[in-house]
Structure formats: structure tokens, C-alpha cells
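# Quick one: sequence plus predicted model below, questions after.
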Amino acid sequence: MSKSPTVPLTLCRDHASTLPAGGPASPDPASALHEVLDRLGPSIFAGLLDTDGVLRYANQAALQAIGSTPEQVIGRRFDDTPWWQACDLSRRRLQHALASALRGGAPRFDVRVATSSGATLSMDFSLLPLYGADGRVAWLIPSARDVTEREQAQQQLLLTRHAVEQANDALLQVGPDGAFRDANAAACRLLGLEREQLLRLRVPDIDTQVDPAQWPQRWRDLCEGRSLRFETSVRHREGHEIPVDVSVSLVTSDGTSFAHVCIDDLRERCAAERRIRQLLQFDELTGLPNRQLLFERLAATLQTRTETAVLVLELDRFKRINDGLGPHIGDAVLREAAQRIAATVRNADLVARRGGDEFVIVMPSPAVPVLHTAKALLEHIARPMSIEGHEIHITGSIGIATAPADGDHSDTLLRRANAALHQAKLLGRNQASVYSGAPHDDDPERLALETALRHALRDEQFDLHYQPQIELTHGRIVGVEALLRWQHPTLGRIAPDRFIPIAEETGLIVAIGDWVLRRAVEQAAAWQRAGLPPLRMAVNLSARQLLQPDLARRIEALLAASGLDPHLFGVEVTENMLIANFDQAVLHLQALRALGVEVSLDDFGTGYSSLSYLRRLPVDVVKIDRSLVPDVTAPAEDVSITRAIITMAHSLRMKVLAEGVESEGQAALLAANQCDQMQGYWFSAALPAAAVETMLRDGRQVDPALLGRRSRQRTLLLVDDEENIVAALRRLLRAEGWLVLSASSAEQALQLMARHQVDVILSDQRMPGMTGVELLRRARQLYPNTIRLVLSGYTELQSITDAINEGAIYKFLAKPWDDEQLRAHLREAFALKEMADQNRRLDQEVQTANRELAGLNGRLQSLLSAQREQNKREVGSREAAQELLDAVPVPVFGIDDEGLLVFANAHAQALCGRVGDLLGTPAAEQLPQALRQALEGEPMLVTLAQRRWWAMSRGLNGNARGRLLVLLPEAGAPT
Ligand code: C2E
Ligand code: MG
Ligand code: MG
């Protein structure tokens, strides 16, 4: 390199490293500059290079970042220093940049810098040339600013924005005035509005339950509680209303508040509720109210205290038709009978199917004598029915009881109408009989039990047995239910179903219940002390216990005395118990849950089960009654009820336990439908404490493979009643490496599906018992995710097209088959299955992600404030850069790309006097005449303040556009 230009810094090449640290204020501009550069803070690196690219100076921040002393780096080629070790790309860029800066460019780019602590910083790096008096580049100034945090924050912000926009939930921001400030795509879709339209509205415009006058109060409520959750409905642009669940949380940032609103569309849930209600309350076959709705309506009618007749009608010898002509003819007869009954009675009368061939008619304030109606019913039923070409003759028998004469309770009336029906059948059927009032109520057996029960507690005839409860995800025992056992010395073992109602009625249940609670808690605590795995003990409560005002306190005291962790204790209550005294029961349950005690709703599906009511109950677990626990051979509707209950409970964040599981098939079906837990004879009946303890010590559990957690080998199920076909197919598919199961009947196929996680089913169409299409329809109901194909030589076109259209069959393949084609179809079916599995998994992940979004939104706010902080810091570092230029001991002017004077450092101000006033005015007009020319072209010598200067101007081409005008004193010029 040629002679070093004279620069105001007059640094000799090795001077930088020997500068005295601190010391008295030096008039030396170089050390003043270093001091400034060293004070710029940890996030701004600055240095000085000579034109050979050798580092001559580095500020403290830069040195600290790489943990080096000046001696270790000064004098080395800059691109060879530790700052550039982390990233080759950055180093190559630097090399280009050095070349470009030497040509007068001012390169600026992002680099990655490795620090001595192991972190990698993202930095905004620039290289500025500094000119000598000869107009040539004399020095290069590298500087870099840490933008790691800003980059991370920006990336997070982008991600969060994206997530918010893509969320399935409708998300909105609302200001204190109720106006929408932001909305994501899901919110726009929900309301049928464009974003711009939505952002012109206020909450009262879409929420049907808030009018503008109420809004200020809403906002105050929110400010007070910080969050709100409620159900309402919103108005779609097309006018219809949509039921929604709304969660609102207040966000305060920088002193301003807004509400973050998440809207959950309840339409699907409401539809599911309606459907479940329908399934739970109506008989699928006849469409009539079922037993449950009958009880509900009859009870309501009896409360009105009007005279009410109850008729129980049973079809005579119906079994004969069912067995002789087949169940589908039997079903048709029941439907026809239901229609005839409904057509005979008044609209105001209730006709229900109580089960089997039994109907019940409830007639409030009968207009004609009830016997007349009964006769008309018998006549109608007895008329021949023509069903599928059969002429069928059937008769009925009727028993009648009337309120209030025969009782004013549903149970009593139905029991008495039954007694009358019995009478009618004794009289030879096809008859109606009215309850004759024989007083059976003083049942001697019952009286005997009541007396015996009074002594049972005192004589220690009670004991507790424990039935294990299994978690279906892993198959292990997680709890037990305590069940009361009564062994009477002469009457023998008496079932709880017989004595508990008597204990309830007589009030003895309170003392018995106390005994059960104490005993169960002690047992559970003893098991824990003995080092058995954690196990939750559940105890059945009775209605009367639930009415005791100090129930929760007593349980708390028992738990405390025994040392049992309340999380290892639970209570079971039934809906019927809750209905009696809803508010108090709810308070008790809330108090128990607050202790950590788990609350289960027992026998769900037998009482007045209403799902909307379920939502209001403080319940952790829904125990599905065993009557609703389907088996693989159960009708598809049963499975859909169970599935619907499970889905609903999960959406209310409740667990589901299935009771009375008696077979492996049931367990597998429940597991496949996401049921959480089960109990039942299949795993174990209730056992004495010692036996349960042995079971726990032995670690007995359900084989997880059965619960669908086996390794996932592709599994194909072949169904064909012809053995040679199955054998040929097995041979054909041997090389595929699939697990191939085979069944020779539909029945056997269903059993296999319960035990194995089947992916693809290939079934023959024509088989004894059930056709292939019927089997696949059933399979679709039970295991909707399977891919189902028919392979048949026989084309019963209509049923197959129907099945394909309704989605039960994926493909129909013809026999005889082409080997290659069949293999290809099956491979395609597996691929499809795997894709669908993958989609479901993704869908689930998306749903989880959506739930997490609410949390993310909180973080969004903190990111936004971090961003604002960062902006402040950026302004700060810009100011620092200006400070840096101020400290450069030569005059420097900045002119923006519109030619306005935007910057003048201290020396420039000193030189030109009132430049401060001129900032923002055109440089060409305001600068001293001598300098104006320099703005345009080559470096030129000018005289100012009796001194000669080299005036040089260069364009800036980084982010800051415009020009920099620098004045360097001419070497040796007189001062
Ligand atoms: P629950 O609470 O629904 O108890 C489950 C009942 O189902 C028990 O009958 C149990 O032995 C039976 N069970 C379990 N697995 C199966 C199965 O796989 N198949 C069938 N068919 N049944 C199964 P249990 O012990 O006869 O009790 C009957 C009812 O008596 C209980 O129904 C509960 O409501 C009541 N109960 C029992 N112990 C107590 C008690 O200590 N206090 C109160 N208040 N009620 C109790
Ligand atoms: Mg129970
Ligand atoms: Mg139960």
C-alpha cells in the first residue's frame, strides 16, 4: 500500500493497541474517539481497518464478545479474527465487502457472529470508507449492531400472526368502545363478513344479547373480572343466529386496554345434543317416546293433579311372530301397532314404547270412560296386518290404573297398571282389565328386610368389596369402587339393589353411609401405607347423604384423620339424586372437588340424563351405565349413542368410565372410541380387600395390545366363507408383509375386528347370515376409519351401489380377480388409510394447537411490547451512531436523498455557526458557497474558517440513503 493518507485521527498503525486506558482527559482526538466508541454499549461493535484489511482498533464491546484482549486481535487481518469463525458465508461476504469499500462503496449486510460464550449473534454489519486528503480511501470503519432479539421477536411475531390467522377458532380484538379492532379469517367466516366490514362494526351489532346501552356495563364487568366466559348467539350477515361460547380476556398494554375474544361455534355441539336427546329419549324403531321420556312426562302430568289414566298394552304372543317370521317382520308389526295406537288416542295423550312388545298410554283428564278407549285400542290392534306379503293376526292385552285413585306416583301407577295387565292375561288375553285395588303394599318380605336392616350395622353384618377400575390407555388399575355387601345370618347374602332403597326410605342409609365412608377411607389409606401404587377409592353416596349440610366437612375430616391424599378419593352420585335438591347438591360437590376429591356421575343414561344439564354439574367423570355399553354385535345406534356421550363429555373436559364391561370385545370397542376407563366382570367383579391387594401386588392389567396399542403392522381382514378363496388370497398377498387375518363369517369378522386394529377389510358379498355389504356397513359404524372393499362374483347391484353411495364401501372388485390389479387396489387402500390416519393425527394436533393459541395470544402481547422496546432501542442506537459521528474530529454533514440537510456533527456546527437552525432545509441553498460544489463531484480543496480542507462527498447506499459530506484538513495546510 502506498503512503498512508493524512487523517485527522493520525493513528500510526500500531498505535491503537497502545492507547492509554483512561487517564486524564486527553486532547488527542483519537483517544477521545476510542472512549466514545467504547461507551456505545454492548450491542454496538465498532473498529478501524487499514486499507490492507488489517484491524487497527476494536471497541470494548467487540472485544468482549469474543473474549479477546486488543493484543490478540489488533494487527491481524480482519477476516481472520474470531468474529468471523462462526459463519463462512459471513466471512466471504466480508471479503467482498472489503473490496467494495476500498472502491468507495459502503456495504451493509447481515452477519452471524460467534461469541466466546458460545452464542451466535445476528448483526447488522456495515463498512464505511474514510478518505484521505488525496481523495483515496485511507481507512475503513467496520461497525455492527446486534439485531438478534429483534430478529427473534420479528420471527415470533410473524409465526404468531400466522397462527392467529390460521386458527380454527374465531379470534377478535375489541376496544373499550366495543369496536372490533382486529379479526382473523375464522371470525370473518363465522359471521359471513369481509374483514373490512367487520372492522366497521361494534359488539352490539353482532351479539344478539347485548344492546348498545348495555355495552359500557359489559366492559366494566370485564375490567373488574379480567376475564369472562358465557354463551350467547351471534348474528350472521345473512340474518340467522349462531349459538356460540365466548371467552374474553382483558389485555392491557402500555396503559391501553382491549379485549381478546375467542368465539367457539356451538352449532355442532347443539346438533349433537339434539341427536343424543333424540337417541336417549325416543325409541329408534317406532319413533315413540321411550321409557325414560315416559317417566319424565308421566311425573310432570301427575304434578298437575288432574285425573290421569295409565294404560299398559302388551301384544299377545308377539314372540311367536318374531321367532316364526324373523325379527324384521317383528319390527314391522311393532311399527304398525305403534301407528294404530297413536291413531286411536287423542293428540294430548302420550304413547310410549316401554320396551319389547309393551306400550304405555298416558291419558290426562280422559274425556270418555277409559275402558271405551281400551276397547277401541284392542279392536284396532286385532285387525289383520299385511306385512311383506304375510297376513298377520295379533291381539293385545291392556291393564289400566288411574290417578289419583290408584296412587299419585309414576312408579305406583305403572306397577298397578302392570298388575291389571297380568290380570287381563290371566283372563285369556285380548282383554282390558282395570286395577282392582288389592293392597300389596304391606309386603311382608319388605317388612322383614327392614327389621333385619336395623340390626345389620350393630351386628357387623356389612362388609365392603372393591371393584377395580382400569385406565384404557395403558390397561392398568387406577382405582376401585367400594360396594357394600350384606351377609345376613339367616336370609343369606342380600343384594344392594334390594336393601339400599329400603335403607334410603327408612333413613338408615345415613348411618350405613357413614360406616362405608369411614371403612373405605381407612382401607385406601392402609393400602397407601403398605406401599401399593396410588389408587383412587370411589364411594357411592346416597341421596340422603347428599342432603347433609356438613357432608364435605365430614369427608375432609375423615381424609385428614387417615392421612389419605384427597386426590386418591372419589364419590359417585346419580343424576336422580341431584335433581331432588340441585343447588345444595352442587354446592357439596363443588366443596368436595375443591378438596381434590373426584366426583363421578354414576349410571349415566338411565336417569333423566340431559346433556345440557350435565354441563352445569361439577363432575369430573361420567360413568356410562352398563345398559349403554355396547358390544360388537350391538346395533349401530347403540354405538353411536356411546360415542356421542364420550365426545360430549370430553368436550366438557370430563372423563368417561364405562360400567359393566363383560367382554373383551366391549373393552376393545370402548378403547377404540376413546373411552377413558372401564370396570366390569370381564376384568374383575368386586372383591374383598385382600384379593384386591394381591391383584395390585401382582400388577395384573389388561394387555395393552388389546386396547389398540400394538405396533402398527398393516392389517388386512379377509372375509369369505369359501376356504379355498381365502387360501388363494393369502398366497397372493404373502409377499406383501401385511398381517392377514381371515374370517369365514361376518360374525367371526366382527370378533376379529374387536381384537385387532384392522386397516383394510376385503369381504365376500354372499355369505350365510349377513351379506358382505351388511357387514361392511356395521364395520363402518363401529370402526369408521377402516377402508372397506367388496370382492364378489355376484353383483346385487342396488345394495352395492347404495353402500358405495353412503360411504360404507370404498371399492367393489369382481371375482374372478386379476392378481396384479387386486394387489394394486389393496396397496392403494392401505395408502389411503395411512393418509387418513395421518390427517386425523394432524387434525388433532391442529386442535391442540388451537387450544394453545389462547395462551399464545397472551404472549403475542408481550412480544408486541418487546418489539416496541426494540424500536426504542433502535432509536437509541441511531442516536449513538450520531454521537459517534459527532465525536469524529472533522466536520461531517449528512444530506438526505431529497437534498435536505439532515445532520451536522459538532465540528461542522462549529465551522458553520448556525447550521443547527438549517437542518431540514435544502443543503444546496444553505451550505457555504464553497461547499455546494463539493456536493456534486470530485473531492476539492476549499477554504473555510481560514483553513484549507479537502471536501469530499459520497453517496450512501445502505438503508440510510443520501450523501455524507466530510471535510478533512489539508495535510500541512496552515491552521
Ligand atoms: P353402582 O354404583 O352402579 O355399582 C355397580 C354395580 O354393577 C355393582 O352392583 C357391581 O357389582 C355391578 N357390576 C359391576 N360389573 C358388572 C358387570 O360386568 N356386569 C353386571 N351385570 N354388573 C356389574 P352391586 O354391588 O350389586 O351394587 C348395586 C348398586 O347398589 C350400586 O350400583 C350402587 O348404586 C348401590 N350401592 C352399592 N354399594 C353402595 C354403598 O355403599 N352406598 C350406596 N349409597 N349405594 C351403594
Ligand atoms: Mg357406583
Ligand atoms: Mg353404576
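Nice, I can see it. All values reported here derive from a predicted model rather than from experimental measurement. Ligands and ions are numbered 1, 2, ... in the order given.
# Spell out which residues of the stretch 401-550 of the chain are next to ligand 1.
Neighbours of ligand 1 within the stretch 401-550 of the chain, by Cβ under 6 Å from any ligand atom: 467, 483, 484, 495, 496, 497, 500, 513, 516, 540, 541, 542. For every residue, glycine as well, the C-beta is placed using N, CA and C.
# Need the buried ones from the residues you listed selected in ChimeraX.
Burial among those is assessed by 16 or more other Cβ atoms under 10 Å; the matching ChimeraX selection reads:
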select :467,483,484,500,513,516,540,541,542
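# In the stretch 201-350 of the chain, which residue sits closest to ligand 2?
Using Cβ to the ion, residue 292 is the residue of the stretch 201-350 of the chain that sits closest to ligand 2, at 19.3 Å.
# which strands and helices sit next to the strand or helix carrying that residue?
Residue 292 is part of helix 291-303, with elements assigned from DSSP states H and E. Other helices and strands packing on helix 291-303, by 3 or more Cβ pairs under 8 Å, 6 or more residues apart in numbering; DSSP states H and E, are helix 267-281, strand 308-315, strand 350-355, strand 358-364, helix 410-426.
# winner for burial among these?
Greatest average neighbour count among those goes to strand 308-315 (a mean of 25), per mean count of other Cβ atoms under 10 Å.
# Take the residues of the stretch 401-550 of the chain next to ligand 1 and keep only those in strands.
When these are checked against strands (DSSP state E), the matches are 467, 483, 484, 540.
# any chance of those residues in JSON lines, plus pLDDT and distance to residue 933?
Listed next are those as JSON lines, based on pLDDT from 0 to 100; distance: Cβ to Cβ, whole Å:
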{"residue": "467", "pLDDT": "98", "distance to residue 933": "101"}
{"residue": "483", "pLDDT": "98", "distance to residue 933": "105"}
{"residue": "484", "pLDDT": "97", "distance to residue 933": "108"}
{"residue": "540", "pLDDT": "97", "distance to residue 933": "101"}
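# so the spatially closest residue to residue 810 that is not a sequence neighbour bridges to which residues?
Sequence neighbours aside, residue 787 is the residue nearest to residue 810 in space, at 5.1 Å (criterion: Cβ to Cβ, 6 or more residues apart in numbering). For residue 787, the beta-bridge partners are residue 760 (DSSP bridges).
# ok, and which of the ones in strands among the residues of the stretch 401-550 of the chain next to ligand 1 reach ligand 2?
When contact is defined as Cβ under 5 Å from the ion, those meet ligand 2 at residue 540.
# For residue 183, state which of the ones in strands among the residues of the stretch 401-550 of the chain next to ligand 1 is nearest.
Among these, residue 540 lies closest to residue 183 (Cβ to Cβ), at 49.6 Å.
# contacting residues around that closest one?
Residues near residue 540 by Cβ atoms under 8 Å, 6 or more residues apart in numbering: 481, 482, 483, 484, 516, 571, 572, 602.
# ok, now how distant is it from residue 562?
19 Å (Cβ to Cβ, to the nearest Å).
# my guess is residue 476 meets residue 470, correct?
Yes. Contact criterion Cβ atoms under 8 Å: residue 476 and residue 470 qualify, at 7.0 Å.
# any shared contact partners between these two?
Common contacts of residue 476 and residue 470 (Cβ under 8 Å, 6+ apart): 701, 702.
# before we move on, back to that, could you give the number of residues near the residue of the stretch 201-350 of the chain closest to ligand 2?
For residue 292, the neighbour count with other Cβ atoms under 10 Å is 17.
# I'd assumed residue 279 was in contact with it.
No. Look at residue 292 against residue 279 with Cβ under 8 Å: they stay out of range, at 10.8 Å.
# Distance of residue 100 relative to ligand 2?
Separation of residue 100 from ligand 2 (Cβ to the ion, to the nearest Å) stands at 82 Å.
# wait, what's in contact with that residue?
107, 127.
# Can you tell me which residues in this structure are near ligand 1?
When proximity is defined by Cβ under 6 Å from any ligand atom, the chain lies next to ligand 1 at 467, 483-484, 495-497, 500, 513, 516, 540-542, 572, 602-603, 626, 659-662, 680-681, 686.
# now do 8 Å
464-465, 467, 481-485, 495-497, 500, 503-504, 509, 512-513, 516, 539-542, 545, 572, 574, 602-603, 623, 625-626, 659-662, 679-682, 685-686 (Cβ under 8 Å from any ligand atom).
# Name only those of those residues that count as buried.
When the residues of the chain next to ligand 1 are checked for burial by 16+ other Cβ under 10 Å, the buried set is 464-465, 467, 481-484, 500, 503-504, 509, 512-513, 516, 539-542, 545, 572, 574, 602-603, 623, 625-626, 659-661, 679-680, 682, 686.
# Against residue 774, how distant is the residue lying closest to residue 329 once chain neighbours are set aside?
Sequence neighbours aside, residue 387 is the residue nearest to residue 329 in space, at 5.8 Å (criterion: Cβ to Cβ, 6+ apart). Distance of residue 387 to residue 774, computed by Cβ to Cβ: 21 Å.
# before we move on, the earlier item: ok, the residue nearest to residue 810 to residue 569 distance?
Plainly put, residue 787 is 46 Å away from residue 569 if you go by Cβ to Cβ.
# Neighbour count: those two, which is higher?
Between residue 787 and residue 569, residue 569 has the larger neighbour count (other Cβ under 10 Å), namely 26 against 22.
# wait, isn't that one in contact with residue 522?
No. Counting by Cβ under 8 Å, residue 569 sits too far from residue 522 to count as a contact (11.6 Å).
# any low-confidence regions in the stretch 651-800 of the chain?
Under the criterion pLDDT under 70, the flagged ranges of the stretch 651-800 of the chain are 708-712, 794-800.
# Please repeat the previous calculation with a cut-off of 90.
651-654, 664-665, 668-674, 703-714, 734-738, 746-747, 750-757, 765-774, 776-785, 790-800 (pLDDT under 90).
# same question, the stretch 451-600 of the chain
Low-confidence segments of the stretch 451-600 of the chain (pLDDT under 90): 451-452, 454, 457-458, 472-474, 489-492, 497-498, 501-502, 504-507, 543-549, 574-586.
# what about the strands in it?
Along the stretch 451-600 of the chain, counting by DSSP state E, counting those that start in this stretch, strands occupy 462-471, 477-488, 492-494, 536-540, 569-574, 598-604.
# next one: the stretch 801-950 of the chain
Using DSSP E, counting those that start in this stretch, the strands of the stretch 801-950 of the chain run over residues 811-814, 892-895, 901-904, 940-944, 947-957.
# okay, those strands, which one's buried deepest?
Of those, strand 892-895 is the most buried (mean count of other Cβ under 10 Å), at a mean of 22.
# my read: residue 899 touches residue 920, true?
No. Applying Cβ under 8 Å, one finds residue 899 not in contact with residue 920, separated by 11.4 Å.
# which strands and helices sit next to the helix or strand harbouring residue 623?
In this assignment (DSSP H and E), residue 623 forms part of strand 621-624. Judged by 3+ Cβ pairs under 8 Å, 6+ apart, the packing partners of strand 621-624 are strand 598-604, helix 636-651, strand 655-658.
# how about the first one, does it get close to ligand 3?
What it means is strand 598-604. Yes. Residues of strand 598-604 contacting ligand 3 under Cβ under 5 Å from the ion: 602, 603.
# Note down every partner strand of that strand and its orientation.
The pairing partners recorded for strand 598-604 under DSSP bridges are strand 569-574 (parallel), strand 621-624 (parallel).
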